[in-house]
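with the input below, show me the fold.
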Amino acid sequence: MANGTVSLIPGGTVSGDILCLRGRMESPTFWLGIVGFIIIAYCLVKNVKGAMIYGIVFVTAVSWFRHTKVTAFPDDSAGDAAFEYFRKVVDVHAIKSTAGALSFKGIGSGQFWEALITFLYVDVLDTTGTLYSMARFAGFADENGDFEGQYFAFMSDATSIVVGSLLGTSPVTAFIESSTGIREGGRTGITALTVGGYFFLAFFFTPLLASIPAWAVGPPLILVGVLMMRSVVEIEWDDMRQAIPAFVTLILMPLTYSIAYGLIGGIGTYVVLNALDWGEEGLAKLGVLKRRDGGGGGGFVGSRGEGTRRDENVKAAGEDGV
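The predicted structure follows:
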């Protein structure tokens, strides 16, 4: 990584898992997504309510026409199957095959606990980063970064994840996309209840919602990043103890496609940069080291005895007029 960009190690190759491998932008769906991006961006500039919805609806509507270069239903077997599912409009699936389908056969293996711990720390870091950043974005955070009701927010999130897993769904948790609702003025629980009601209705219209193409929802997510960048100005960039971990966090999230990895990298960097000072402060509290200035900073000197003798020598020199 150089100048905040990705650089190849000499003799290295680009991973096949990276989505952007070429510099050409020739896909028609890409340019349709750009049009959606411009629509949303213009509406945001003009403070139009529902800006995100307008862009998504426009791109989706254009993509639902068949036999075009930007269609969500290409002329092949997969496209035909997707279009037939889309035409159902309403479809409800039974959850008997996923609800309560738990297995504890591997609970005694190391792989089970490794996966469990991995899911745990990923969810904790993702949820923590999301809730605190959303609270700050909404103006609820105090000078310490805390917000009212945070305990219940975390408990609700944890409960939702447990219930969701019992029903066989993906994690039901807070997502960074909540910033779009905050941007539209959402500040109370009414917003969350309204969204929840729409999610319930979406349960019956799965064919329609599942047919919304990725290039329709991509532009809003990019602009969510624009909304989140406002917090960067609050970082004290002149303080390298804060600037370096903050930059590592910012750059690792897009490079690793994970909020959790970015937080781990930033927290790890912060710990490494401060570990020596924390150790010295701990030893000072135990009386092993003594601060040079006797208080709030300036480092430490020797052992307790050595520091005392040095202070006594300085005092004696002052009394002798030296």
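
how is the chain partitioned into domains?
26-91+204-234, 108-184, 287-319 (automatic domain parsing).

where in this structure is pLDDT low?
1-24, 289-322 (pLDDT under 70).

and the helices in it, which stretches?
28-45, 51-63, 77-87, 110-138, 150-166, 178-183, 189-202, 206-210, 214-228, 240-256, 259-285, 304-319 (DSSP state H).

and the domains of the chain: which comes nearest residue 271?
Closest approach to residue 271 among those (Cβ to Cβ): domain 108-184, 14.4 Å. For every residue, glycine as well, the C-beta is placed using N, CA and C.

just how off-centre is that closest one within its chain?
10 Å (Cα atoms, centre = their mean, to the nearest Å).

on that earlier part again, and the domains of the chain: which comes nearest residue 274?
Among the domains of the chain, if distance is taken as Cβ to Cβ, the winner is domain 287-319, at 13.6 Å.

quick test: name the residue nearest the centre of this protein.
The centre of the chain sits closest to residue 259, judged by Cα atoms, centre = their mean, with a distance of 3.7 Å.

I'd assumed residue 130 was in contact with it.
Yes - with contact defined as Cβ atoms under 8 Å, residue 259 and residue 130 form a contacting pair (7.4 Å).

joint contacts of these two?
residue 176 (Cβ atoms under 8 Å, 6 or more residues apart in numbering).

residue 87: what's it in contact with?
Contacts of residue 87 (Cβ under 8 Å, 6+ apart): residue 207.

still on that earlier bit, turn the helices of the chain into JSON lines, including distance to residue 144.
JSON lines is the format used below for those (distance: least, Cβ to Cβ, whole Å):
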{"stretch": "helix 28-45", "distance to residue 144": "31"}
{"stretch": "helix 51-63", "distance to residue 144": "31"}
{"stretch": "helix 77-87", "distance to residue 144": "49"}
{"stretch": "helix 110-138", "distance to residue 144": "11"}
{"stretch": "helix 150-166", "distance to residue 144": "11"}
{"stretch": "helix 178-183", "distance to residue 144": "20"}
{"stretch": "helix 189-202", "distance to residue 144": "23"}
{"stretch": "helix 206-210", "distance to residue 144": "40"}
{"stretch": "helix 214-228", "distance to residue 144": "20"}
{"stretch": "helix 240-256", "distance to residue 144": "15"}
{"stretch": "helix 259-285", "distance to residue 144": "17"}
{"stretch": "helix 304-319", "distance to residue 144": "34"}
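
to residue 69, which of these lies closest?
helix 28-45 (4.0 Å).

related to what we said a few turns ago, contacting residues for the residue nearest to the centre of the chain?
Residue 259 touches 125-126, 129-130, 176, 253, counting by Cβ under 8 Å, 6+ apart.

how about 7 Å then?
125-126, 129, 253 (Cβ atoms under 7 Å, 6 or more residues apart in numbering).

kindly report the same for residue 30.
residue 215.

that one and residue 246, how far apart?
Distance, residue 30 to residue 246, by Cβ to Cβ, to the nearest Å: 31 Å.

likewise for residue 96?
Residue 96 is 48 Å from residue 246, where distance means Cβ to Cβ.

same check on residue 39?
Taking Cβ to Cβ, one finds residue 39 at 32 Å from residue 246.

and for the residue nearest to residue 147 when sequence neighbours are not counted, the neighbour number?
Counting by Cβ to Cβ, 6 or more residues apart in numbering, residue 147 lies nearest to residue 135, which is 3.8 Å off, once chain neighbours are set aside. Neighbourhood size, residue 135 [other Cβ atoms under 10 Å]: 20.

pretty sure residue 135 contacts residue 144?
No - using Cβ atoms under 7 Å, residue 135 is not in contact with residue 144; the gap is 11.5 Å.

who wins for proximity to residue 277 among the domains of the chain?
domain 287-319 (8.6 Å).
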